[in-house]
Every structure is written in structure tokens, then in C-alpha cells.
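*Asks:* A structural model of the following input is requested.
(one chain, ligands or ions: 1)
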Amino acid sequence: MTIQSKNPATGEVVKTFEALTEAQIDLAIAQSVVAHEALRDWSFKKRAACMEKAAKILEDESPCIAEIMTMEMGKTLASAKGEVEKCAWVCRYYAETAEAHLADDIVKTDATKSYRCYRPLGPVLAVMPWNYPLWQVFRFAAPALMAGNTGLLKHASNVPQSALLIQDIFQRAGFPDGAFQTLLIGGSQVEQILRDDRVWAATLTGSEPAGASVASICGEEIKPTVLELGGSDAFIVMPSADLDEAVKVGTTSRTQNNGQSCIAAKRFIIHADIYDGFKAKMVEAFADLTIGDPMDDATDIGPLVSVEARATIDGQVQKALKAGAIRVMGAEIMDGDGAFYRPGILENISEDSDAYHEEVFEPVALLFKVDDIEAAIKLANDSPFGLGSSVWTTDKAEQDQAIRDLEAGATFVNSMTSSDPRLPFGGIKRSGYGRELTAEGIRAFCNCKTVSIA
Ligand code: NAP
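*Replies:* Predicted structure coming up:
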């Protein structure tokens, strides 16, 4: 099993790690149990003090942390710094709000007193992807630790240094030893942990096959899961929209994180009256993007995560072209070292092509033309995924219709889909189930206990 940091901008292997043995995993779970027994008895105030400290460490060490992420998976340094700041935000958000989210909730019944209270479960396994190496983990860890759970992290095998850094941050923040542990293991070692009685639940952010595997094992073990899977988000633009703004934001949404974001706008569904104008402006916006060294502040787009991923992704584009898609611009492998891919735009995408139904996890925009909002919503919903969605219109009736009928975990009006600690995050259909962030996120791994006193 290869666990290694390999710089996708250069192809250089920077560091390799040995996967943990079964015995080491067993010991880590035992430590997680001990840490949980301590943490569950801590006051919210004490947990919050550590979480605030974690936020401070993130802020103080942001440049170094960001460099490690950029080196391991190629996101631009500027976006990596933004990610670190967002992690500090989610730590503070839960430091400040966890107690209120988990407060006893009195319910009037025939009993003298009845209420629901929220108790932590215990060690929770988090299986996480490489695309936001810190954010995906903190989005789980901040609420989980504030609730009194402990975390076991199985991070993606290509971001081991980012993974180890997270454990180090929580340790230095003052949480009990073993409260948050990074396990350097491969996907095949996950089952041992899921079947261990001492592990209470699992959360997975990643692809459908990985999600289905974790959920089916947890199903057999009767353990709760949260799944945050892929997306093929629609970005609908109607004639009343501010076209320049829609193009600008749509370009950002599609190309953020070098095109590798679950909630990126992937399918641009444009009203026929403005289709040509939108396309022309988007071509200009894509042509303006600077592709290159992700460590350089002037760079908008760094490499894809690996040359192997790039080959798969390009295969998807080639198949779409064979099935009748038209290449408006770009969407091609770039020469030279590193996993660079030229951002592109395709139109006339056939319903028979994989790209129509699959997640396009690269900076390639798919354009579709429709005649009205009904057709736009119908096309948006013609996808196995249901993560985010974005609709651009100033027409109130169209906004209401989109909010009501789009099959997605979120609908953003005149803005791009994004995650925010103050709003729940998650998908429906094959994008997963359960919610992260806010009260929903912190309660996901709590026992909502009913108490009734006669
Ligand atoms: P991935 O291949 O599914 O990997 C995600 C994690 O699952 C990694 O830690 C991976 O470990 C592990 N894994 C893979 N197969 C497994 C199995 N059979 N059993 C247990 N663990 C397994 O996904 P990815 O390529 O890293 O991430 C990209 C995907 O994540 C995209 O589909 C994206 O949309 C989705 N995503 C969703 C969200 C969301 O919030 N909904 C956010 C970010 C990303 P190894 O690295 O060792 O294989």
C-alpha cells in the first residue's frame, strides 16, 4: 500500500509512509476509547478553550499548513490559505455554539419533566478525500470533538502530511491524548475499524463506491453513517440575470480548487435567449485564467491531483466528444511535467455520453441550452446526483419554482453554492445523506436521548 506525498505540479515523490499494522490500529482504537471517556466528562467550556486554541494554531501557522496542502494536491497557495482560515472559522463556530446546539430540549408531556438530551457516542471513523485536505476533516472534527466524541481519521493516501498535521493541531490545542488520531492506512484496512465494536459510527466524504462500501459494512454492523459524495451541480441562468456576474461567478465555481470541488457548478443550463452571449463571455473568462505553479500568487489554476487522475478525466472528455459533444475551447492535457489540464468548455453534450450522467471532476464546463425554467429544472434533475444547485434570475416566480423543485441538498439564488459553518451541508440522491455543520452536523453523532421523569 503506497501512502505518499507526491507533488502533482512536478511529479516528485516528496515523502513515503508505511501503513499501520492491524495491531497499531487496534491500539489507536483503544486510545480513542480512553480519550472519549475523558472528553465526554469535560465541560463545553473546557472543550471550547481547546477548540479556540486549535483555531489560533491554524491562523498562526497558516502559511506553512497551506504550503503542505499545495505541495500534496496542487491547489493554489492562495486557496489553501483560505481553506486554513475557514477551518479556524469552523473551530470557533462550534466553540461558541456547540453548547446551545446540544442543550436539553424540554418537551411538555404528562410526565413531571420530559426532555431530549444529546450524549456523545464515542470513537467515530472519518474517511476523507484529498480535494480539501483540511476543510473536509475540520468540518467533521470540530463538531465531533465539541460534542465529546473522539475522531479516527483515515485520510486519502496522497495527503499523509496534511493528515498528520491535523492530529498534531488537535494535540497541541490541548485535547486529551488520542482524542483525534490520524491512521495512515489504505482503503482495504477500513473494514477492520468499521467492524470493531469500540467504533460507534462513520462519516465518509468521497466517491460513490467508497461511500457504498463503508455504508454497507456499517449497515451490517448497525452503525450510523453520514455520506458526503459527489455532485454534478446545475448552474441555471435565465434572461433576467446579471449576465456578467453570472459568468464571473460561474467561472469561479467551475474552476475553484483546479476544478476538483464536489459543489462546483458542473452543468451550465442557460436560457436560449442569452446562450450565445453567456458562452462568448465564458470563453473570455476561461481564456483569462492563469495556469501554472500553484505556489505562485498569480496562478488561478494549478495541476490536477495526479497524472493518473488526469488520464481518467481526459478519457471522459474524449468519450463525450465521440458521442457528439463540441469542444468550444480547451479541455485538454497540457505538455510538460506535472498533471496540468487546460480548463475548457463543451457544448452539445449527448444524453448518451458518460459526461452527461457522471461527475465531471475537472475544470471543464458543460453547456446546455433550454427554452424556459421548467426545462431548466427538468434537465437539472436529470442526474443521479443531488448535492448543490444555483439559479440566476431576478424573477420571483422562477426563483420560487427552482427552490421548490430542484432536487438538491441546497439551492443558491444569484450566487454560487458554497459551504458555511452557519448553514447545513449535504446532498440527496447519489450525493449522499445526512448533514454536516450547524445543529444537524453536531447532532449526527450524538444519541438523542429521550428522558421522561414521572
Ligand atoms: P475516493 O476515492 O472515494 O476517496 C475518498 C476516501 O475514501 C479516501 O480516503 C480513500 O482512501 C477512501 N476509500 C476509497 N475506497 C474505499 C473503500 N472501498 N473503502 C474505504 N475507504 C475507501 O474519493 P476522492 O477521489 O478522494 O475524492 C473525490 C470525490 O469526493 C468526488 O466524487 C467528490 O465530489 C467527492 N467529494 C464530496 C464532498 C461532499 O461534501 N459531498 C466533498 C469533497 C469531495 P485512499 O485514498 O487510500 O483510496
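*Asks:* for the stretch 201-350 of the chain, which residues are neighbours of the ligand?
*Replies:* Residues of the stretch 201-350 of the chain lying close to the ligand (C-beta under 6 Å from any ligand atom) are Thr205, Gly206, Ser207, Ala210, Ser213, Val214, Glu228, Leu229, Gly230, Gly231, Cys262. Bear in mind the C-beta positions are built from the backbone N, C-alpha and C, glycine included.
*Asks:* report the beta-bridge partners for the first one.
*Replies:* Pointing back at Thr205 there. With DSSP bridges applied, the residues forming beta bridges to Thr205 are Glu228.
*Asks:* Ile185: which element?
*Replies:* Using DSSP states H and E, Ile185 falls within no helix or strand.
*Asks:* who's in contact with it?
*Replies:* Taking C-beta atoms under 8 Å, 6 or more residues apart in numbering, we find Ile185 in contact with Met1, Ile3, Ala19, Leu20, Ile25, Lys154.
*Asks:* and of the residues you listed, the nearest to the ligand?
*Replies:* Distance to the ligand, by C-beta to the nearest ligand atom, is smallest for Lys154 among the contacts of Ile185, at 5.6 Å.
*Asks:* where does the closest one land on pLDDT?
*Replies:* We have a pLDDT of 98 for Lys154.
*Asks:* in this structure Lys86 contacts Gln136, no?
*Replies:* No: taking contacts as C-beta atoms under 8 Å, Lys86 lies outside contact range of Gln136: 10.9 Å.
*Asks:* those two - which one has more neighbours?
*Replies:* When neighbours are counted by other C-beta atoms under 10 Å, Lys86 and Gln136 differ, and Gln136 comes out ahead with 26 against 20.
*Asks:* surely the more buried one meets Pro129?
*Replies:* Yes: in this structure, Gln136 is within contact of Pro129 by C-beta under 8 Å, at 6.1 Å.
*Asks:* shared neighbours, those two?
*Replies:* Joint contacts of Gln136 and Pro129 (C-beta under 8 Å, 6+ apart) are Thr205.
*Asks:* run a quick neighbour tally on the closest residue to Glu12 other than its chain neighbours.
*Replies:* Excluding the flanking residues, the one nearest Glu12 by C-beta to C-beta, 6 or more residues apart in numbering is Lys6, at 6.9 Å. Lys6 sits with 20 neighbouring residues when counted by other C-beta under 10 Å.
*Asks:* who does Lys6 bridge with?
*Replies:* Bridge pairing for Lys6 - DSSP bridges - gives Val13.
*Asks:* quick one, what contacts His155?
*Replies:* His155 neighbours (C-beta under 8 Å, 6+ apart): Met128, Trp130, Pro133, Val137, Ser162, Ala163, Ile166, Thr182.
*Asks:* let's see that with 7 Å instead.
*Replies:* Taking C-beta atoms under 7 Å, 6 or more residues apart in numbering, we find His155 in contact with Met128, Val137, Ser162, Ala163, Thr182.
*Asks:* relative to Met51, how far out is Cys91?
*Replies:* Going from Cys91 to Met51 by C-beta to C-beta, to the nearest Å gives 5 Å.
*Asks:* what touches both of the two?
*Replies:* With C-beta under 7 Å, 6+ apart as the test, Cys91 and Met51 both reach Ala142.
*Asks:* picking that back up, neighbour-wise, which of the contacts of Ile185 leads?
*Replies:* Lys154 (24 neighbours).
*Asks:* now do the strands in the stretch 151-300 of the chain.
*Replies:* For the stretch 151-300 of the chain, applying DSSP state E, counting those that start in this stretch gives strands covering 180-182, 201-205, 225-228, 233-237, 265-271.
*Asks:* could you report the neighbour count for Lys396?
*Replies:* By other C-beta under 10 Å, 8 other residues sit near Lys396.
*Asks:* go on, Glu67?
*Replies:* Other residues within reach of Glu67, judged by other C-beta under 10 Å, total 14.
*Asks:* run through the stretch 1-150 of the chain and note the low-pLDDT ranges.
*Replies:* Under the criterion pLDDT under 70, the flagged ranges of the stretch 1-150 of the chain are 1.
*Asks:* hmm, back to that, most tightly packed of the strands of the stretch 151-300 of the chain?
*Replies:* Among those, strand 233-237 has the highest mean neighbour count (mean count of other C-beta atoms under 10 Å), at a mean of 29.
*Asks:* could you report the neighbour count for whichever residue of the chain sits closest to the ligand?
*Replies:* Using C-beta to the nearest ligand atom, the single residue of the chain nearest to the ligand is Gly206, 2.7 Å away. Residue neighbour count, defined by other C-beta under 10 Å, stands at 23 for Gly206.
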